[in-house]
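J.: here you go, sequence then predicted model.
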Amino acid sequence: QVQLVESGGGVVQAGDSLRLSCAASGRTFSRYIMHWFRQAPGKEREFVAAVNWSGSSTYYADSVRGRFTISRDNDKNTVYLQMNSLKPEDTAVYYCAADRQTVITAKGVDYWGQGTQVTVSS
């Protein structure tokens, strides 16, 4: 069982940066591939980024590649999402997710956090 709690969301202006954190409970954190998804109003939840067990391999959606960076600290049971050059279209609820494999669709994900709101004004 893994419990995930996101933090770090807020309201920023276009071009600003924001760092999200996701704290995980449980001793098996390092066994999971960690992900970030997001969901804008009226849209489906979409994949943003993923990081493997050791943090040595990352994967990004085309819409955020080059602007967002995912990382993890297994000693702190925490995964991060550094978001730079934010755009109004990045506005969404951001969710942390844990799964035993890399997933790019929201269906079937093992564990979800409760989400944190990110709003980017123009």
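T.: Received, thanks. Numbering: from 1, shown residues only.
J.: ok, now how distant is residue 100 from residue 110?
T.: For residue 100, the distance to residue 110 (Cβ to Cβ, to the nearest Å) stands at 6 Å. Every C-beta, even on glycine, is put in place using the N, C-alpha and C of the backbone.
J.: identify the contacts common to these two.
T.: Both residue 100 and residue 110 are contacted by residue 32, under the criterion Cβ atoms under 8 Å, 6 or more residues apart in numbering.
J.: mind checking which of these two has more residues around it?
T.: residue 110 (14 against 11; other Cβ atoms under 10 Å).
J.: how much space is there between the spatially most central residue of the chain and residue 122?
T.: Nearest to the geometric centre of the chain sits residue 36, at 2.4 Å (Cα atoms, centre = their mean). Between residue 36 and residue 122 the distance, using Cβ to Cβ, works out to 23 Å.
J.: the strands in the protein, which residues?
T.: 4-7, 10-13, 18-24, 33-39, 46-51, 58-60, 68-73, 78-83, 92-99, 111-112, 116-121 (DSSP state E).
J.: between those, which gets nearest to residue 105?
T.: With distances scored as Cβ to Cβ, the stretch of the strands of the chain nearest to residue 105 is strand 46-51 (6.9 Å).
J.: sheet partners, orientation included, of the closest one?
T.: strand 33-39 (antiparallel), strand 58-60 (antiparallel) (DSSP bridges).
J.: what's residue 92 in contact with, if anything?
T.: 38, 39, 40, 43, 117, 118.
J.: what subset of these is buried?
T.: Neighbour-count burial (16 or more other Cβ atoms under 10 Å) applied to the contacts of residue 92 gives 38, 118.
J.: return the member of the contacts of residue 92 nearest to residue 55.
T.: Nearest member of the contacts of residue 92 to residue 55, counting by Cβ to Cβ, is residue 38, at 20.9 Å.
J.: can you name the residues bridging to the closest one?
T.: residue 46, residue 94.
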